[in-house]
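Enquirer: Make a model of this:
(chains A and B)
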Amino acid sequence: MSKTILEIKNLHASVEDTKILKGLSLTINIGEKHTIMGPNGSGKSTLANVLAGNPSYTMNSGEIIFMGQNLNEMQPDIRACAGLFLAFQYPVELPGVRMWQFLKSSLDSKREYNGEKPLSTREFDNVLNEYADKVGISSDFIKRNVNEGFSGGEKKRNEILQLSLLNPKLAILDETDSGLDIDALKVVSKGIDSFSSDENSVLLITHYQRILNYVIPDFVHVMMDGNIVTSGDKTLALELEEKGYDWLTTK
Amino acid sequence: MKENNNVISRTTELENDNYKWGFDFKFNPDNAPIGLSEDIVKLISNKKNEPKWLLDWRLKSLKHWFKNQDNEPKWANIEFPKIDFQKIRYYSSPTSKPNPKSLDEVDPEMLAAFTKLGIPLEEQKKLSGVAVDAIMDSVSVATTYQKQLEEAGVIFCPISEAVQKYPELVQKYLGSVVPYSDNFYATLNSAVFTDGSFIYVPPGVRCPVELMTYFRINELDTGQFERTLIVADKGSYVSYLEGCTAPFRKNNQLHAAVVELVALEDAEIKYSTLQNWFPGDTNGEGGIYNFVTKRGKCQGKNSKISWTQVETGSAITWKYPSVILQGDNSVGEFYSVALVNNYQQADTGTKMIHIGKNTKSTIIAKGISAGKATNTYRGQVKVLPSAKNARNFTQCDSLLIGDKCGAHTIPYIEVKNPTAQLEHEATTSKVSDDQLFYTQQRGISLEDANYMIINGFCKGIFKELPFEFAIEASQLLRVSLEGTVG
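Expert: As a prediction, this is how the structure comes out:
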């Protein structure tokens, strides 16, 4: 029996006054890996931001149920604590805010939400070092300010580090693979792959088929003009790579 | 904290939950009549049993002030109704027995009052490694750690006591950095100053503890005119901290202090301020007018003076802690965080006057504006013809919260020696929605996210403060930021 983690029903959303999502529906069950592909401007990132509760985006109608709760009524930080994680396409810099402090506060918030005690400094250091090793982040990195002066690849690795550390129920990755060289891509995919289990779900938004060589999706959806136009398994991604999106519009 | 109701009654006239220090204390004060005149100056001088030279200096200042009383400084970017200087009380002592010899002589109610303010003065509870001089309204009420300081030969006492015990030192340095005729408020201070701290560190001595003065304005309609004088003799070092609070009052109160620092050859003075005077309520009513003249003189070669300030309080702040770099190779530093919220106004910055050869100055000023507040950085870097190879680095960063506040950066640069090198960087930014959302997406609440980002903005300044003060500064920031987002 599969358990539903996320259920999106007839979602309409807009940015400022522009309607972007137009009646999108999607169900993700526990243990599943979904990929959303689609041309620029089709609404992929909007979907990710609406799910995470970015106040710049307006949900006009529809319903989003996450782990049995109505997401629309939850602040972004509560959504995060409840287990929804968004790896950003463009992670922002936080000048003067130490990585260590940021990560500790994040984890403490989440643990508090779940009724757990915060980790001691030593416990936290151990956990952090373990995950940092896995995603190939050095301890110097932890002493720096959040994303400040990080290269594109470092920023993406940092997102994966946070993913591992916070261990969410649903990980949404918004074009995390964009702009990565092949080595960084491998590290990032490996990170996603080792996170992924029967206990959680992944929603991977991407332009490129290449990351799907490392993270093999159970479902591939194609978004165009604010809606999912077709869904299939991983072979759909290969077909898209070969034929482009035009093939779908003329179908 | 358990309150002693016999001593402390909280003022309930004004609603302002953000300002934790707004309660007042009921003492039976010894007050001078309201108003300013030669008689008042004589009365103050007489109360303190001052020598003639000091009374003469006060009277000379008063005369100068009366002559120029229509010349209030008008260049600052601040607005306030004209102050009626005849409606201020120039002397108020919370008890009739000022200047106790030891803590045993201090009124227990006074100790309780300072404990409530977070400044425990009792020996067993005193701040670890910090000697405290506590000043209530116009007089010093207690100085801790006297014995350890005596052993090191460091003089740290109320300036009124120094006038009695070390008149030569006071006479030699008082007014040597900020002359009585310097500016409107400094002149007024010279005439009516009541108390403040005096520090003298003898040659070669590294002061064994941090020295701290805690200022408190308590009485209604009272102005505070303290005078602080710090002299670091050759090769000595001292780190000095000052903290300030005041109760909620519907009326504005004036605080016009003068601080003078003198660093002789190879000496270093580190001066840190946490200024948290009552800023007024959310509608801009009440609050302290903080019009302060602070200046240090690097008199000897290789000397160094460093100002670090965190300014979160006061309805209006007008202050420019400056350094005169007279000795060759001397160093001046200014690190500042000025936060204004609601209707607060701040016009603050520094002056670095390069006179000696190879003199260096660094200015890092961070301004944060929220609500309908206005924040102005005003700074002057002046390189005189004699200042060969002078160096200055200035960085001014402004951070805006919301869209009704203002930030201004006004640098004045004057260079008269071609070998000088000056750098100036300035930025203005907002706490972006993207930064807040990113942080919230990691499970951190909006208010905490806002605080975290602004604390990050101030990090470079906080690290200049002594450790315990840095924590307090960070907490002060949090309290001052409440209600600025969401």
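Enquirer: At which residues are the strands of chain A located?
Expert: Along chain A, counting by DSSP state E, strands occupy A:4-15, A:18-29, A:33-37, A:57-66, A:69-70, A:84-87, A:170-174, A:201-205, A:219-224, A:227-232.
Enquirer: Now find how far off-centre the second one is within its chain.
Expert: Read that as strand A:18-29. Centre-to-centre, strand A:18-29 and its host chain are 16 Å apart (CA atoms, centre = their mean, to the nearest Å).
Enquirer: Check which residues of it are buried.
Expert: Buried residues in strand A:18-29, defined by neighbour count with 16 or more other CB atoms under 10 Å in any protein chain shown: A:20-21, A:24, A:26, A:28-29. Backbone N, C-alpha and C define where each C-beta goes, glycine included.
Enquirer: ok now do the residue in the stretch 201-350 of chain B that chain A sits nearest to, which residues does it touch?
Expert: In the stretch 201-350 of chain B, the residue that lies nearest chain A is B:Val337 (11.5 Å; CB to the nearest CB). B:Val337 makes contacts with B:309-311, B:366-368, B:458, B:461-462, B:473, B:477, as judged by CB atoms under 8 Å, 6 or more residues apart in numbering or on different chains.
Enquirer: If we use 7 Å, what do you get?
Expert: Listed by CB atoms under 7 Å, 6 or more residues apart in numbering or on different chains, the contact partners of B:Val337 are B:310-311, B:366, B:458, B:461.
Enquirer: Looking at these, spot the one nearest A:Pro217.
Expert: B:Cys458 (44.7 Å; CB to CB).
Enquirer: got the phi/psi numbers for the residue of the stretch 201-350 of chain B closest to chain A?
Expert: In terms of degrees, to the nearest 10, the main-chain angles of B:Val337 are phi -120, psi 120.
Enquirer: before we move on, back to that, JSON lines please, covering the strands of chain A and showing distance to A:Asp77.
Expert: Shown next, in JSON lines, are the strands of chain A (distance: least, CB to CB, whole Å):
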{"stretch": "strand A:4-15", "distance to A:Asp77": "18"}
{"stretch": "strand A:18-29", "distance to A:Asp77": "22"}
{"stretch": "strand A:33-37", "distance to A:Asp77": "24"}
{"stretch": "strand A:57-66", "distance to A:Asp77": "14"}
{"stretch": "strand A:69-70", "distance to A:Asp77": "14"}
{"stretch": "strand A:84-87", "distance to A:Asp77": "11"}
{"stretch": "strand A:170-174", "distance to A:Asp77": "16"}
{"stretch": "strand A:201-205", "distance to A:Asp77": "20"}
{"stretch": "strand A:219-224", "distance to A:Asp77": "27"}
{"stretch": "strand A:227-232", "distance to A:Asp77": "28"}
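Enquirer: Figure out which of those is closest to B:Ile83.
Expert: Nearest to B:Ile83 among the strands of chain A is strand A:57-66 (50.2 Å), distances taken as CB to CB.
Enquirer: angle of that closest one against strand A:170-174?
Expert: Going by axes from the mean of the first three to the mean of the last three CA atoms, to 10 degrees, strand A:57-66 is angled at 150 degrees with respect to strand A:170-174.
Enquirer: which residues touch strand A:57-66?
Expert: By CB under 7 Å, 6+ apart, the residues outside strand A:57-66 that reach it are A:6-15, A:46, A:49-51, A:71-72, A:82, A:84.
Enquirer: Quick one, which of these are buried?
Expert: Using 16+ other CB under 10 Å, the buried ones in the contacts of strand A:57-66 are A:6-8, A:11-15, A:46, A:49-51, A:71, A:82, A:84.
Enquirer: who's in contact with the residue of the stretch 151-251 of chain A at minimum distance from chain B?
Expert: Chain B sits closest to A:Gln162 of the stretch 151-251 of chain A, with a gap of 6.6 Å, by CB to the nearest CB. Contact analysis of A:Gln162 by CB under 7 Å, 6+ apart lists A:103, A:106, B:442.
Enquirer: interface residues of chain B facing chain A?
Expert: Remark: the part of chain B in contact with chain A comprises B:433-435, B:437-438, B:440-446, B:452-453, B:456-457, B:459-460, using CB under 7 Å from any CB of the partner chain.
Enquirer: tell me the average confidence for the host helix or strand of B:Thr362?
Expert: Secondary structure assigned from DSSP states H and E places B:Thr362 in strand B:360-369. Averaged over strand B:360-369, pLDDT sits at 93.
Enquirer: Contacts only, for A:Pro95.
Expert: Going by CB under 7 Å, 6+ apart, A:Pro95 touches A:145, A:148, B:456-457.
Enquirer: Which ones among those lie within helices?
Expert: Under the assignment DSSP state H, the contacts of A:Pro95 contribute B:456-457 to helices.
Enquirer: Pick the one among the contacts of A:Pro95 closest to B:Gly286.
Expert: The nearest member of the contacts of A:Pro95 to B:Gly286, counting by CB to CB, is B:Phe457 at 28.1 Å.
Enquirer: So that closest one is in contact with B:Ala365, correct?
Expert: No. With contact defined as CB atoms under 7 Å, B:Phe457 does not count as touching B:Ala365 (11.9 Å).
Enquirer: mind showing which ranges of the stretch 201-350 of chain B have poor pLDDT?
Expert: Within the stretch 201-350 of chain B, the set of residues satisfying pLDDT under 70 comprises B:215-222, B:244-251.
Enquirer: Kindly report the residues of the stretch 101-250 of chain A close to chain B.
Expert: Remark: the part of the stretch 101-250 of chain A in contact with chain B comprises A:105-106, A:109-110, A:145, A:162, using CB under 7 Å from any CB.
Enquirer: Export these as a markdown table, with columns for pLDDT.
Expert: Formatted as a markdown table, these follow (pLDDT from 0 to 100):
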| residue | pLDDT |
| --- | --- |
| A:Ser105 | 94 |
| A:Ser106 | 95 |
| A:Ser109 | 95 |
| A:Lys110 | 94 |
| A:Asn145 | 93 |
| A:Gln162 | 94 |
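Enquirer: Can you give the distance from stretch B:373-392 to the centre of its chain?
Expert: Stretch B:373-392 has its C-alpha centroid displaced from the chain centroid by 20 Å (CA atoms, centre = their mean).
Enquirer: Take it, keep the C-alpha atoms, and write them as PDB.
Expert: Taking Å, rounded to 0.1, in the frame of the first residue of the first chain, the C-alpha atoms of stretch B:373-392 are listed here in PDB:
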ATOM      1  CA  ALA B 373      13.200  56.400  11.100                       C
ATOM      2  CA  THR B 374      16.100  58.400   9.600                       C
ATOM      3  CA  ASN B 375      19.700  57.300   9.800                       C
ATOM      4  CA  THR B 376      22.600  59.500   8.600                       C
ATOM      5  CA  TYR B 377      26.200  58.700   8.500                       C
ATOM      6  CA  ARG B 378      28.300  61.800   8.600                       C
ATOM      7  CA  GLY B 379      32.100  61.400   8.600                       C
ATOM      8  CA  GLN B 380      35.100  63.500   8.000                       C
ATOM      9  CA  VAL B 381      38.600  62.400   7.000                       C
ATOM     10  CA  LYS B 382      41.000  65.200   7.100                       C
ATOM     11  CA  VAL B 383      44.700  64.900   6.200                       C
ATOM     12  CA  LEU B 384      46.800  67.800   7.100                       C
ATOM     13  CA  PRO B 385      50.000  68.800   5.100                       C
ATOM     14  CA  SER B 386      52.200  67.300   7.900                       C
ATOM     15  CA  ALA B 387      50.500  63.800   7.600                       C
ATOM     16  CA  LYS B 388      52.900  62.100   5.200                       C
ATOM     17  CA  ASN B 389      51.700  58.600   4.200                       C
ATOM     18  CA  ALA B 390      48.400  58.900   5.900                       C
ATOM     19  CA  ARG B 391      46.000  56.000   5.300                       C
ATOM     20  CA  ASN B 392      42.300  55.800   5.700                       C
END
